[in-house]
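Chemist: Sequence first, predicted coordinates after that:
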Amino acid sequence: TSRTPFFEKAIINRLNDPTLAPNGPESQTVLDLGTGPYALFAILAAKAGAGKVYAIEASASAAREAREVVSKLGYDDVITILEGFSTDIVLPGGDKADFVVAEIVGSIASEEGAYASIIDAHERLVKEPSNSNNWIPSRIQTLAAPASYTLHNLFQPPAFDWGKLNGEPVRFNCRDEGLQLLADPLIVEDISFADITNKGGTGGEECNNCWKKEIKFVVDGERIEDNSSSFYKEYRNNRLSKNESENLARSTAQSLSGIALWPRLLLDGGETIEVNSRSYPSGGHQKSHWQTVLPIMSDVPVAVKSGDEVLMNVNFDVTRDVLRPSTYTLDGDVIQK
């Protein structure tokens, strides 16, 4: 699902809200974090009547391209492109924004530095940062579910060493049928931009800038049956024989490769405008701007069956330094029933 129409709707709604912008869109100053080479959301805000838009971009080449696009479209008087990390920038004249558009969300929601950038903007760049209506998105989440993966079953040691990934996850197009979920998804990361100075997370133990959480998934027998059919088609599409495809599909559907992760965005303060990278709440396949991330959690897939429990310890250590990568640790056990 394309994210742009949803962001456009949220921007237009915010600019035209009579309570939040009583003097009309032209009275509003908008801050676009991570505007990119096309200054897409900055231009949408200008087209919708915003009086001033500051668009920040860390990449020198992208900032240069953004200036060219803005100039070509005739929005130089409204949009100012500022080059650098937002954490290093002071808005001209010490100005502050009425609201922020920040599409700095990764396939694990916080992995592109959203936490560091938003908490800094919260402290310096926004007039009323504790109002959820002043952030687009207002909340970002990471969802998770145990998953089975075709290639993890097809290529196993000693012919293939999955340990060579060194903790790096496999990243999937969200429409890739080679990955299937074994249980209903759960939220493992939940960041409210308005409440970010209070951590903004829900559930679990808080520790400085990290989220620690223990979660339990229950393997769903109906999903196993559906997944087996999907895997059979995948293996046949890759020219395996019917017999081999049937056997592999059955074993793959009853195996755990790791915990799949993907983002969800709630754009407006009322959380009525959603952007889901996988269908919500089932986690089904669909077209998405983002990827599904799968850390392979063992050298060989772990056999599971309906009713088994997957117990997982989640430790997301996010950082306030945009130059230091956040770290994400998952470990757990399968409890056979």
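Modeler: Good, I have the coordinates.
Chemist: And the lengthiest strand in the chain, what does it pack against?
Modeler: Ranked by number of residues, the top strand in the chain under DSSP state E is strand 139-149. Judged by 3 or more C-beta pairs under 8 Å, 6 or more residues apart in numbering; DSSP states H and E, the packing partners of strand 139-149 are strand 179-181, strand 186-192, strand 210-218, helix 242-253, strand 255-256, strand 258-266, strand 309-317. Every C-beta, even on glycine, is put in place using the N, C-alpha and C of the backbone.
Chemist: Look up which residues are beta-bridged to Asp32.
Modeler: On the basis of DSSP bridges, Asp32 is bridged to Ala55, Val101.
Chemist: burial count for the nearest residue to Asn134 once chain neighbours are set aside?
Modeler: Nearest non-adjacent residue to Asn134, counting by C-beta to C-beta, 6 or more residues apart in numbering: Phe99, 4.2 Å away. Phe99: 28 surrounding residues under other C-beta atoms under 10 Å.
Chemist: gap between the spatially most distant residue from the centre of the chain and Glu225?
Modeler: In the chain, counting by C-alpha atoms, centre = their mean, Asn243 sits farthest out from the average C-alpha position, at 38.5 Å. According to C-beta to C-beta, to the nearest Å, Asn243 stands 19 Å off from Glu225.
Chemist: same check, this time on Leu15
Modeler: Leu15 is 48 Å from Glu225, by C-beta to C-beta.
Chemist: now swap in Ala183 and tell me
Modeler: Separation of Ala183 from Glu225 (C-beta to C-beta): 14 Å.
Chemist: Could you check which of those two is surrounded by more residues?
Modeler: Taking other C-beta under 10 Å, Ala183 and Glu225 do not tie; Ala183 has more neighbours (21 against 11).
Chemist: Tell me the secondary structure at that one.
Modeler: Following DSSP: H, G, I helix; E, B strand; the rest coil, the label given to Ala183 is coil.
Chemist: What residue, apart from its backbone neighbours, is nearest it spatially?
Modeler: Nearest non-adjacent residue to Ala183, counting by C-beta to C-beta, 6+ apart: Phe217, 4.0 Å away.
Chemist: list the buried ones in stretch 267-275?
Modeler: Across stretch 267-275, burial judged by 16 or more other C-beta atoms under 10 Å covers Leu267, Asp268, Gly269, Ile273, Val275.
Chemist: and what of stretch 106-119?
Modeler: With burial defined by 16+ other C-beta under 10 Å, the residues of stretch 106-119 counted as buried are 106-119.
Chemist: Can you pick out the most distant pair from these?
Modeler: Largest separation among the buried residues of stretch 106-119 by C-beta to C-beta: Ser107 and Ile119, giving 20.9 Å.
Chemist: so where do the helices sit in the stretch 51-200 of the chain?
Modeler: 60-72, 114-124, 150-154 (DSSP state H, counting those that start in this stretch).
Chemist: Of all those helices, which one comes closest to Gly49?
Modeler: Nearest to Gly49 among the helices of the stretch 51-200 of the chain is helix 60-72 (16.0 Å), distances taken as C-beta to C-beta.
Chemist: For the residue nearest to Asn134, give me its contacts.
Modeler: If you count contacts by C-beta atoms under 8 Å, 6 or more residues apart in numbering, Phe99 has them with Arg14, Leu20, Gln28, Val30, Leu31, Val126, Asn133, Asn134, Trp135, Ile136.
Chemist: Phe231 now?
Modeler: Contact partners of Phe231, counting by C-beta under 8 Å, 6+ apart, are Ser148, Thr150, Glu177, Gly178, Gln180, Leu248, Ala249, Thr252, Ala253.
Chemist: contacting residues for Glu214?
Modeler: For Glu214, the contacting residues are Gly204, Leu311, Met312, Asn313, Val314, by C-beta under 8 Å, 6+ apart.
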